[in-house]
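Novice: Need a 3D model of the sequence below.
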Amino acid sequence: MKVLALDHIEFYVADAPAAARSLRSSCGFRVYGHGGPETGLAGQRSVLLGQGEIRLLLTSGLHEAHPASQFVARHGDGVAVIAIRTASAAAAYADVTGAGGTGICAPRAWENGQARVVTAEVAGFADVRYRLVERDDGNAHFQPGVIEMEPGAGAGSGHDLLRRIDHAAVCVPAGELDATVRFHEKVFGLAVTFQEYIEVGGQGMNSKVVQSPSGGLTLTLIEPDTGRAPGQIDDFLAWHDGAGIQHVAYLTEDIVAAVRALAGRGVEFAVTPTGYYDILGGRLGLTDIAVEELRPLGILVDRDHWGQMFQIFLKSTHIRRTYFTELIDRRGARTFGTSNIPALYAAKERELAEIRGTVGTSRA
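Specialist: You can find the predicted model right below:
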């Protein structure tokens, strides 16, 4: 199948309106639409958020049997659906199922007299599904007839600090990385664009990046090395109760402004060791953003053959400390900050060390 772009991501959450308020106040998202029993979405409550080209659908089940309720009971709030834009949802569904993928929902049209959108759903990895979306109007009519759009919600989006979804990071149990990669290659036509073994102290992990030919969908797949000391990937798999999406990275064109804006809203970021900046010049030379600007904000920088990239992780607010968010600013770079990983993971380890003794008793 041909992937045109990442259309949206759907989170299953315990309380969609509350989660929407949190993302609005912390990261500047705006409400683009609402859905629920009164709009034809039986058994659920949904809120559509937007910023730049990013669309996040937050859904809560209104009864225990709803898939969102079951997902949250097992994993807590998290990404449950990755929606892929295609030229034809019906053709993409046929391609996926013909390549060995499992169909969940056959192609269905949503329309309200003004627009028509076709969607289908197929199995992905663990409890994460893929939604195939055919639309000809961008996101102006997100899901006609069941998501009631807010008039003028997208006005001024060209000036938003967060522009689009850069990639999603997926943690899988040891021994499942290669099979997960082959599944995405065979069923969705993705290809491995980068791979590495990451060593952080006594921990080790394997990572492979798969991407669509269009560049519209990028997944970083990670498995722990069980021959090394257990670490945060093992913690994620235990606390999340299986494979899932560890973080989503949002692309910004001005990471300094974005970090300052979010910090002003009360967002906390992973703490970068001060020594990181003392050796930065010797490691990378001159950076596009001066070290004096990066240091007080904790922003990391790396360089590859194509350019530089800047990144930072937000501290997790998830009750299980599983899902978190990344901000990334690409100045030509195509990779993912390989030399920053030890610093990033060291910062995450400090955060996790504060809760390791208590989380195990509150996973249920």
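Novice: low pLDDT regions in the protein?
Specialist: Residue ranges of the chain with pLDDT under 70: 138, 342-352, 354-364.
Novice: Give the closest residue to the most centrally placed residue in it in space, chain neighbours not counted.
Specialist: Geometric centre of the chain, nearest residue: V248, 2.4 Å, by C-alpha atoms, centre = their mean. In this structure, V248 finds its nearest non-sequential neighbour in A168, 5.0 Å apart by C-beta to C-beta, 6 or more residues apart in numbering. The way it works is simple: take the backbone N, C-alpha and C, and place the C-beta from them, glycine included.
Novice: And the strand or helix carrying that neighbour, what does it pack against?
Specialist: Element membership for A168 (DSSP states H and E) is strand 162-171. Applying 3 or more C-beta pairs under 8 Å, 6 or more residues apart in numbering; DSSP states H and E, one finds that strand 162-171 makes contact with strand 5-12, strand 54-61, strand 218-224, helix 232-240, strand 244-252, strand 324-331.
Novice: Now with 7 Å, please.
Specialist: In terms of contacts (3 or more C-beta pairs under 7 Å, 6 or more residues apart in numbering; DSSP states H and E), strand 162-171 is packed against strand 54-61, strand 218-224, helix 232-240, strand 244-252.
Novice: which is the next helix or strand following that strand?
Specialist: helix 177-188.
Novice: between that next one and strand 162-171, what angle do the directions make?
Specialist: Going by axes from the mean of the first three to the mean of the last three C-alpha atoms, to 10 degrees, helix 177-188 is angled at 130 degrees with respect to strand 162-171.
Novice: and the helix or strand that helix 177-188 is followed by, which strands flank it?
Specialist: The helix or strand immediately downstream of helix 177-188 is strand 191-200, counting by DSSP H and E. Partner strands for strand 191-200, per DSSP bridges, with pairing direction: strand 203-211 (antiparallel).
Novice: ranges for the strands of the stretch 251-364 of the chain?
Specialist: For the stretch 251-364 of the chain, the strands defined by DSSP state E, counting those that start in this stretch occupy 300-303, 308-313, 324-331.
Novice: Next, the distance between the ends of stretch 264-276.
Specialist: 24 Å (C-alpha to C-alpha, to the nearest Å).
Novice: Can you give the domain ranges for the protein?
Specialist: Using automatic domain parsing, the domain parsing of the chain gives 5-156, 162-359.
Novice: ok, back up a step: what sits against the residue nearest to the centre of the chain?
Specialist: Shown in contact with V248 (C-beta atoms under 7 Å, 6 or more residues apart in numbering): I9, V79, I165, A168, T325.
Novice: Compare these and tell me which is most surrounded.
Specialist: Greatest neighbour count in those, by other C-beta atoms under 10 Å, goes to I165: 24 neighbours.
Novice: isn't it right up against D7?
Specialist: No. Judged on C-beta atoms under 7 Å, I165 makes no contact with D7 at a distance of 10.0 Å.
Novice: re the thing from before, assess the claim that the residue nearest to V248 and I245 are in contact.
Specialist: Yes. Assessed by C-beta under 7 Å, A168 is found in contact with I245 at 5.3 Å.
Novice: shared neighbours of the two, which are they?
Specialist: Common neighbours of A168 and I245 (criterion: C-beta under 7 Å, 6+ apart): V79.
Novice: Surely T218 and Q211 touch.
Specialist: Yes. Between T218 and Q211 there is a contact under C-beta under 7 Å: 4.6 Å.
Novice: beta partners for the residue lying closest to G307 once chain neighbours are set aside?
Specialist: Among residues not flanking G307 along the chain, G332 sits closest, at 2.1 Å (C-beta to C-beta, 6+ apart). Note on G332: beta-bridge partners by DSSP bridges are Q308.
Novice: With V256 as the reference, measure out to G332.
Specialist: According to C-beta to C-beta, to the nearest Å, G332 stands 17 Å off from V256.
Novice: Equivalent analysis for R295, please.
Specialist: For R295, the distance to V256 - C-beta to C-beta - is 11 Å.
Novice: Please apply the same query to R320.
Specialist: From R320 across to V256, the span is 31 Å (C-beta to C-beta).
Novice: more crowded one of those two?
Specialist: Set R320 next to V256 and count neighbours by other C-beta under 10 Å: R320 wins out with 20 against 16.
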